[in-house]
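>>> Quick check, what structure comes out for this input:
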Amino acid sequence: MKIAVIGGGTAGHMAAAHISKHFPQFELYHIYDSKIPSIGVGEGTLPGFPVWLTEITGLDYPDLKELCQITIKYGNCFENWGNKHQQFMHHFYPIGDTYAYHISADQIVKILQDYISATHIDKKVIDLKSDGITVDIAFEDNTSLQADLAIDARGFPKSLNDNHLKLSLIPTNAALIRQCPGYDKRLVNVKMGEQLFQYESATRAVARPHGWIFVIPLTHRTSYGYIYNSSINSAEEIATDFDEFLSLEGVEFTGKQKKLNFPNFTQQTLFDGAIFKLGNAASFLEPLEATAIAVTLQQMYSFSHWPLGYLSQQKQRGKLKESNVQVLNRYLLKNIYKLSLFVGWHYAMGSAFDTEFWRFAKSNFQQGIQKLEDQEIIAEFDDYLQTGFDFDDPINQHEIFVNKTTQFQAIDDETNLAESNIKTFSQFPPQSFAEVGYGMGYFPEI
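Just a heads-up that it's a prediction; the model follows:
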C-alpha cells in the first residue's frame, strides 16, 4: 500500500519518521520541493514532544542538546498579563518533573531525516485529487504519482475558502521575528507568594502595548517574536516597540527580521478518506501556548490509531466507512476549537497596557465566546474553569498548590485517540486553568 507524505517542513518530517517507525510495511514516499524554505517558526513545544522524539530517534536530552541546540522548557512565564500579577508561571505537571523542549525547527528536521525510510521525490506538487480511495498527485514537471493515502503537510493554505473555518477568538494575525546571537543565560525569576522561584529555562510571553513578545532560548541563539494584529498596528509601530523592548533587555539586534502573516483557522474536513491534512495545512493558532507541534502530534497519533492501524492489517485498500471518517474529523475539529478557546481566554483580563490592541483583545474574547455554537465545548470549558478555581491559589499558596497537583488523580478523557490517560481540555489539564486563571486575575482571590 502506497502512502505519500507531502511537505518538507517540521510536520512533514515528523509524519514520515513516525510512519517509518510504526508502519514499515507501507510503501512510503516523502515528497517535497527542497527549494521551498520552511518558515522555521514554532520553536516551543509541549511535554509530549520529547517523549515522541526519543521514541523515534532513541536520542535523549544530552544528545539532542549537542546535535541540535535544544534547551529544556519547564513552562511559560507570563509577564504583564491580566490585572493582578506582574508575572505568573504556567507549568507542566507534575511541576519540576515534566518538561518540554525549545527546539530549532531546521535542526530537528535534519535529525529526523536519518530516521525516515522512504522514497524521496524532490518535486513541487501542484495538485491533489482524491476520490476517497486513491490520490492522484500532480507535479510541476507534468508527471504524477498515485497513492492509496496522502498526508498533506505543505503548510498554510495560500488563501482561505469555504472549507476553512476562522478561529475568531484569537486577536492576533502577524508576527515580527528576530533571531539574536548567543544564549540568554539569565534565569527566569518568578515571585510566587513570598518566595522567589528561579527557572533555568522557560519560554517568556511578555505583554507589550501592541501585543506580546515570545522569548525562546536555544544554546546558540535566542528567538524573539512580536505577535500582533496587523489591522490595528503597523509594522513600523511594532518594530519601534520591539527595539525598545530589546533595549530594556540589554539585547543588541543587528540581523534581518522576518515578518509573517498567519491565519487562525482550521480545515472543516481534515480527512476525506484518502487525503489527510496535517500541521499548518490542517489548522493554526498563534503561538502563545506553543500548540503547533503538539497539535501535529495529536493529529498524527489520531491518524495512526485510525485509519493507518486498520489499513496495516488489510490486504487491499477498500473504501473506508464514512461514519468512521466523520468521527475522526469531529474529534480533530473539536480539539482545535478547544485550543482556540483556551488560548483566547488568556486575553480575557487584558494586560498592564490600556491600548487599542488590548481593548480589542479583551472585548474580542468576551464577544466571541457568546457566539460559539458548540454548547458541549462551552459546558466542558465551564467545568474546567470551576475545577481550576477549586484549586488553591497557585501564586499566593504555591507550595500547597504543588502538593495538591502532584496528588491530583485525573481520569480518562472522552477519547483515547491521543494515547493519553490524563483528563485534559485538549492539551491542558485543570491545573493549567488554575495557574492561568489565578495568574491573570480571572479568578477572584479567596
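
>>> Okay, helices next: where are they in the stretch 51-200 of the chain?
Here the stretch 51-200 of the chain has its helices, by DSSP state H, counting those that start in this stretch, at 61-68, 105-113.

>>> what about this structure, any weak spots by pLDDT?
Within the chain, the ranges that satisfy pLDDT under 70 run 40-42, 183-186, 408-422, 446.

>>> can you pull the buried residues of the lengthiest helix in it?
As assigned by DSSP state H, the longest helix anywhere in the chain is helix 322-345. Buried residues in helix 322-345, counting neighbours by 16 or more other C-beta atoms under 10 Å, are found at 325, 328-329, 331-345. No exception for glycine: its C-beta is placed from N, CA and C like everyone else's.

>>> beta partners of Lys129?
Asp136 (DSSP bridges).

>>> you'd agree it is up against Gln146?
No - when contacts are counted by C-beta atoms under 8 Å, Lys129 is not listed as touching Gln146 (9.9 Å).

>>> Mutual contacts of the two, please.
Residues touching both Lys129 and Gln146 (C-beta atoms under 8 Å, 6 or more residues apart in numbering): 135-136.

>>> Domain map for the protein?
Per automatic domain parsing, the domain ranges recorded for the chain read 2-322, 323-439.

>>> Pull up the gap between the nearest residue to Asn335 once chain neighbours are set aside and Ala294, please.
Spatially, and ignoring its direct neighbours in sequence, Asn335 is nearest to Ser426 (5.1 Å; C-beta to C-beta, 6 or more residues apart in numbering). Ser426 sits 9 Å away from Ala294, going by C-beta to C-beta, to the nearest Å.

>>> Which neighbouring elements make contact with the host helix or strand of Phe360?
Element membership for Phe360 (DSSP states H and E) is helix 356-371. Here helix 356-371 touches helix 322-345, going by 3 or more C-beta pairs under 8 Å, 6 or more residues apart in numbering; DSSP states H and E.

>>> then the helix it packs on to PDB, C-alphas only?
Extracted in PDB, the C-alpha atoms of helix 322-345 (Å, rounded to 0.1, in the frame of the first residue of the first chain):
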ATOM      1  CA  GLU A 322     -17.800   7.200   6.000                       C
ATOM      2  CA  SER A 323     -19.100   7.100   9.600                       C
ATOM      3  CA  ASN A 324     -15.500   6.500  10.900                       C
ATOM      4  CA  VAL A 325     -14.200   9.300   8.700                       C
ATOM      5  CA  GLN A 326     -16.700  11.700  10.200                       C
ATOM      6  CA  VAL A 327     -15.800  10.500  13.800                       C
ATOM      7  CA  LEU A 328     -12.100  11.400  13.100                       C
ATOM      8  CA  ASN A 329     -13.000  14.800  11.600                       C
ATOM      9  CA  ARG A 330     -15.300  15.700  14.500                       C
ATOM     10  CA  TYR A 331     -12.700  14.700  17.100                       C
ATOM     11  CA  LEU A 332      -9.900  16.800  15.500                       C
ATOM     12  CA  LEU A 333     -12.200  19.700  14.800                       C
ATOM     13  CA  LYS A 334     -13.400  19.700  18.400                       C
ATOM     14  CA  ASN A 335      -9.800  19.600  19.600                       C
ATOM     15  CA  ILE A 336      -8.800  22.700  17.800                       C
ATOM     16  CA  TYR A 337     -11.900  24.600  18.900                       C
ATOM     17  CA  LYS A 338     -11.000  23.800  22.500                       C
ATOM     18  CA  LEU A 339      -7.500  25.000  22.000                       C
ATOM     19  CA  SER A 340      -8.700  28.300  20.400                       C
ATOM     20  CA  LEU A 341     -11.000  28.800  23.400                       C
ATOM     21  CA  PHE A 342      -8.200  28.100  25.900                       C
ATOM     22  CA  VAL A 343      -5.700  30.400  24.100                       C
ATOM     23  CA  GLY A 344      -8.300  33.100  23.500                       C
ATOM     24  CA  TRP A 345      -9.200  33.100  27.200                       C
END
